[in-house]
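> no sequence on this one, just coordinates:
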């Protein structure tokens, strides 16, 4: 008998047991043993008889391929005890950093909108002046003054080595205006999600898409990638933007909207990684909200294709009535815990009066001592479907404290009740400080033995994606979150499949194809079992699978794409057209080189810029009517 302990199985007692060609999933409740430091794994020859639990055949899950054992080295030891650095260095510094930022936000909020706008205009003038001081022949390419490790993204890039003319954007972290009549929020690019939700939620308004982690900034979500549980209604974060204020390469300040003379720039900025100009403010759509989120947890048991279908059914009516609010929830996400178990969550805004009615359960998930959200949701697998009410702002940031489930790897005992109660208030460690204290060798270790990737795939292919991840990586839990990919007037870097509107697939409409983010964040199964795993090759296979299936890889992640494959995955026609039209070539690094893994010399980048300047500008594709 061979027993595989799946990722996170150590927390809930799931065992994958092989009897010849068959697989059985046995639910064994031994939390008390694990919590008290007892047995890590219970192995019995006749589990069904001893525990009186039902078993079922997992006919659709292939056996993990046999792999040789991996030899451990000094890096394994350093990573294993990295929690010491996290507790005594990273957490205290994170707390001080968050507190100082909070004080700065409070000071900013005490100022009038008029005063904030005046300071903003002065700071924009400083950026313009700085750009005009640049000598193109001597000063190299433009980059922001922010240190590489400060970014939340996980890419191992050193692009600032090749672009050393720095422009300081650090003052741009203010909420400039909340207009509840126009339902527009005007914010600067370094405003983060926690900051803006603190301002908007008390007014019963919110950004249409609020990314789950507090630390994510408006600029990063616009120039890169942003998604949330409401994206099946509103699209990606960039789809909710009304206008961009951008400083171009020559110092010109422009306002780009979807219907003015800079409409091409408006559509080209998302996913451009700040390589078309410097974003200094954005106007973003607001929506009305209520005080609570009524959240329904629904357990799903079956194979991966059945889990995928249950996920689709949780927010996509089979009759195609995708715009009917009565049939479509306000929020949706699914967490896949094992190859046969998942929990689908759907939420609807609810008033304070409804939430406090007799018999309703209110759960303040934001309290520091509370069970981590993904573990709380997992309880639905044992107690069945249930409903509770969560304060809206706490629901928005439900994954912040434990960084989804990455907190379990950063602090192995961080989810224990005693740690949550005594030190949970200091969580989470700031991602940038984690990066700053890990060094190059540990960083490379994570790249090879850890997966932090998002796969954006058409909704109808989500079952195939889940099976691919299980076969190649065995990473659990997995995060599923849907989003609309709109059919826009211009063909942008990410775009729907041609002719999707004719297929009438579940979740699609005439104007948008439904996609899904499959979030793959954890150590792969082979690594947890001490086996050999080639993380670099796994990422290359993931990228090839995405290209073949019209999928996309967010650029915050570690990428192994060659330049040719990068432009097979993304469409560069509009982007390159805008690079030339707005004179970004020779001033800002191209998006591929900024996303490319590894170190880059200034000569390498300059040569690439020269080649780009000599290539004929591609025609911009427009979707057919």
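That came in fine, so what should we check first? Because the structure is a prediction, the values reported are computed rather than measured.
> helix, strand or coil for the residue lying closest to residue 526 once chain neighbours are set aside?
Distance criterion CB to CB, 6 or more residues apart in numbering; nearest residue to residue 526, sequence neighbours excluded, is residue 533 at 4.1 Å. Every residue, glycine included, has its C-beta placed from N, CA and C. Using DSSP: H, G, I helix; E, B strand; the rest coil, the secondary structure recorded for residue 533 is coil.
> how close does residue 533 get to residue 134?
According to CB to CB, to the nearest Å, residue 533 and residue 134 sit 45 Å apart.
> of these two, who's got more company?
For residue 533 versus residue 134, the count of surrounding residues by other CB atoms under 10 Å is larger for residue 533: 23 against 17.
> the strands in the stretch 151-300 of the chain, which residues?
Along the stretch 151-300 of the chain, counting by DSSP state E, counting those that start in this stretch, strands occupy 157-158, 165-167, 175-179, 184-187, 205-207, 241-247, 253-256, 278-288, 292-301.
> with the stretch 401-550 of the chain instead?
Under DSSP E, counting those that start in this stretch, the stretch 401-550 of the chain gives strands at 451-458, 478-486, 512-522.
> next, format these as TSV and append distance to residue 537, mean pLDDT and mean neighbour count.
Below are the strands of the stretch 401-550 of the chain laid out as TSV (distance: least, CB to CB, whole Å; pLDDT from 0 to 100; neighbours: other CB atoms under 10 Å):
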stretch	distance to residue 537	mean pLDDT	mean neighbour count
strand 451-458	12	95	22
strand 478-486	20	98	23
strand 512-522	15	97	24
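> buried stuff in stretch 435-454?
435-438, 442, 445-454 (16 or more other CB atoms under 10 Å).
> domain assignment for the chain?
For the chain, the TED database gives the domain ranges 111-288, 292-398, 439-554.
> what average pLDDT does stretch 587-597 get?
Per-residue pLDDT over stretch 587-597 has a mean of 86.
> so how far is the first residue of that stretch from its last?
Start and end residues of stretch 587-597 are separated by 21 Å (CA to CA, to the nearest Å).
> starting at the chain centroid, how far to it?
With CA atoms, centre = their mean, to the nearest Å as the basis, stretch 587-597 stands 21 Å off its chain's centre.
> repeat that for stretch 250-266.
27 Å.
> what does that stretch rub up against?
By CB atoms under 8 Å, 6 or more residues apart in numbering, the surrounding residues in contact with stretch 250-266 are 124, 128-129, 131-132, 242-248, 267, 269, 276-277, 280, 489-490, 574, 577-578, 581-583, 620.
> report the buried residues of it.
Applying 16+ other CB under 10 Å to stretch 250-266 flags 251, 253, 254, 256, 262, 264, 265, 266 as buried.
> got phi/psi on the first one?
Going back to what we said before, that points to residue 251. Phi and psi for residue 251, reported as degrees, to the nearest 10, are phi 90, psi 0.
> quick one: end-to-end distance for stretch 204-218.
Distance between the two ends of stretch 204-218: 20 Å, counting by CA to CA.
> run the chain-centre distance for that stretch.
12 Å.
> including mean pLDDT and distance to residue 591, could the strands of the stretch 151-300 of the chain go into a markdown table?
Output for the strands of the stretch 151-300 of the chain, formatted as a markdown table (pLDDT from 0 to 100; distance: least, CB to CB, whole Å):
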| stretch | mean pLDDT | distance to residue 591 |
| --- | --- | --- |
| strand 157-158 | 54 | 12 |
| strand 165-167 | 89 | 18 |
| strand 175-179 | 96 | 27 |
| strand 184-187 | 97 | 23 |
| strand 205-207 | 97 | 25 |
| strand 241-247 | 98 | 15 |
| strand 253-256 | 98 | 17 |
| strand 278-288 | 98 | 14 |
| strand 292-301 | 98 | 36 |
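> now for those strands, which one comes closest to residue 317?
Closest approach to residue 317 among those (CB to CB): strand 292-301, 16.0 Å.
> show me the one of the domains of the chain that comes nearest residue 424.
Closest to residue 424 of the domains of the chain, according to CB to CB: domain 292-398, at 3.6 Å.
> so how far is the closest one off the chain centroid?
Between the centre of domain 292-398 and the centre of its chain there are 19 Å (CA atoms, centre = their mean).
> and for stretch 124-138?
The chain centre lies 33 Å from the centre of stretch 124-138; the measure is CA atoms, centre = their mean.
> what comes into contact with it?
Contacts for stretch 124-138 (CB under 8 Å, 6+ apart): 142, 165, 167-169, 245, 247, 249-251, 253, 278, 280, 586-587.
> can you check stretch 172-179 too?
Contacts of stretch 172-179 (CB under 8 Å, 6+ apart): 104-105, 108-109, 113, 116-117, 119-120, 123, 184-191, 195-196, 199-200, 203, 205, 280-281, 286.
> is there a quick ChimeraX command that grabs whichever of the residues you listed are buried?
If you want just the buried ones from these in ChimeraX, going by 16+ other CB under 10 Å, the selection is:
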select :105,108,116,117,120,123,185,186,187,188,189,190,191,195,196,199,200,205,280,281,286
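> picking up where we left off before, isn't the residue nearest to residue 526 right up against residue 447?
No: between residue 533 and residue 447 there is no contact under CB atoms under 8 Å: 11.9 Å.
> need the contact list for the residue nearest to residue 526.
Applying CB under 8 Å, 6+ apart, the residues near residue 533 are 67, 70, 449, 524, 526, 527.
> pLDDT of stretch 113-122, averaged?
95.
> go on, stretch 349-356?
97.
> pull out the buried residues from it.
Using 16+ other CB under 10 Å as the test for burial, stretch 349-356 gives 349, 350, 355.
> next, the buried residues of stretch 583-602.
Buried residues in stretch 583-602, counted by 16+ other CB under 10 Å: 584-597, 600.
> out of those, which is nearest to residue 541?
Among those, residue 597 lies closest to residue 541 (CB to CB), at 15.6 Å.
> ok, now how distant is the closest one from residue 170?
To residue 170, residue 597 is 27 Å away according to CB to CB.
> same check on residue 410?
Per CB to CB, residue 410 is found 27 Å from residue 170.
> these two: who's more crowded?
residue 410 (20 against 11).
> so what pLDDT did that one get?
87.
> so where does the closest residue to residue 233 other than its chain neighbours fall, helix or strand?
Nearest non-adjacent residue to residue 233, counting by CB to CB, 6+ apart: residue 328, 6.9 Å away. For residue 328, there is no enclosing helix or strand under DSSP states H and E.
> re the thing from before, of the buried residues of stretch 583-602, which belong to helices?
591, 592, 593, 594, 595 (DSSP state H).
> show me what contacts the second one?
Going back to what we said before, that points to residue 592. Residues counted as contacts of residue 592 (CB under 8 Å, 6+ apart) are 563, 566, 567.
> got the phi and psi for the first one?
Yep, that's residue 563 we're talking about. Reported as degrees, to the nearest 10, the phi and psi values for residue 563 are phi -60, psi -40.
> next, count neighbours for it.
Each residue near residue 563 was counted by other CB under 10 Å, and the total is 12.
> quick check: it vs residue 169, distance?
Relative to residue 169, residue 563 is positioned 28 Å away (CB to CB).
> low-confidence ranges, the stretch 501-625 of the chain, go.
Along the stretch 501-625 of the chain, the parts satisfying pLDDT under 70 run over 598-625.
> so which residues of the stretch 51-200 of the chain form helices?
Ranges of helices in the stretch 51-200 of the chain, per DSSP state H, counting those that start in this stretch, are 74-80, 82-85, 91-110, 113-132, 193-200.
> out of those helices, which gets the lowest mean score?
Lowest mean pLDDT of the helices of the stretch 51-200 of the chain: helix 74-80, a mean of 78.
> and it, what other elements does it pack with?
Under the contact definition 3 or more CB pairs under 8 Å, 6 or more residues apart in numbering; DSSP states H and E, helix 74-80 sits against helix 439-449.
> which residues does the helix it packs on contact?
75, 78-79, 82, 154, 156, 435, 438, 523-524, 527, 533-536, 558.
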